[in-house]
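Student: structure, please.
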Amino acid sequence: MITTNHIAKSSGISPGNLYYHYKNKEEIIFSLFEKMILEWESEEIALEGSNLDKILDQQLKKTFKYVWQYRFVHRELVSLLEKDEKLKRLCKQVFQRRLQEIKLLLSRFESMGILLKLNEEEREFIAQTALLYGLFWQPYLDVLGEKPSEKNVLRGVNMIRMLLQPYLIR
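Tutor: From the prediction side, this is the model:
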């Protein structure tokens, strides 16, 4: 479990200084989650003139980068959401936006002639599965006791590629 002492130490400040700026751990986590969302959504992915591998690499590496950078939020996300209704609402909105982004990306791949035409059920399955991989890959590795590494990030990226494999136009 992440404590305010962990957060203060990681931030290079004293616990007292941390509480000067934030009332409690939930407020800290909410602020960090908002910061992650702002950073994520301000980082653009170039789609024009790109191929599937380049777009996937950019999007997936972006996802894994933010999950890693804010891993302490993702590690405890479920328990944090149980305690904080405001964070839960925000998280649900963000997850819905990410699902829409993935669906739009899939549609883009279809229009580029890279991906077979998907029905709604297939598009929903791929989008939800890709989101799950992206958001919960790092906590999954933690449970297995695997250390974060470029190799492990690429394993996650390759799993999402494999998810798309049956739908690619050859």
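
Student: touching, Glu122 and Tyr167? I think so.
Tutor: Yes: checked against Cβ atoms under 8 Å, the pair Glu122 and Tyr167 is within contact range at 7.2 Å. (Each C-beta comes from the backbone N, C-alpha and C, glycine too.)

Student: quick one: buried residues of the helix or strand harbouring Ser79?
Tutor: Using DSSP states H and E, Ser79 sits in helix 77-83. Buried residues in helix 77-83, defined by neighbour count with 16 or more other Cβ atoms under 10 Å: Leu77, Leu80.

Student: coming back round to it: who's more crowded, Glu122 and Tyr167?
Tutor: Between Glu122 and Tyr167, counted using other Cβ atoms under 10 Å, Tyr167 has the larger neighbour count: 17 against 14.

Student: ok, that one - contacts?
Tutor: For Tyr167, the contact set (Cβ atoms under 8 Å, 6 or more residues apart in numbering) comprises Leu115, Leu116, Leu118, Glu122, Ile126.

Student: so what touches the helix holding Ser79?
Tutor: With Cβ under 8 Å, 6+ apart, helix 77-83 has contacts from Met1, Glu26, Ile29, Val73, Leu87, Lys88, Cys91, Pro139.

Student: apply 10 Å and report the result again.
Tutor: Residues outside helix 77-83 that contact it (Cβ atoms under 10 Å, 6 or more residues apart in numbering) are 1-2, 25-26, 29-30, 33, 70, 72-74, 76, 87-92, 135-136, 139.

Student: please report the distance of Arg108 from Gln96.
Tutor: Distance, Arg108 to Gln96, by Cβ to Cβ, to the nearest Å: 19 Å.

Student: kindly report the same for Gly16.
Tutor: Distance from Gly16 to Gln96, by Cβ to Cβ: 38 Å.

Student: more neighbours, those two?
Tutor: Taking neighbours as other Cβ under 10 Å, Gly16 and Gln96 compare with Gln96 leading, 11 against 8.

Student: and that one, how far from Pro139?
Tutor: 20 Å.

Student: same deal with Val67?
Tutor: 9 Å.

Student: anything in contact with each of the two?
Tutor: His74, Arg75.

Student: what about these two, which has more around it?
Tutor: Using other Cβ under 10 Å as the criterion, Val67 and Pro139 rank with Val67 on top: 22 against 16.
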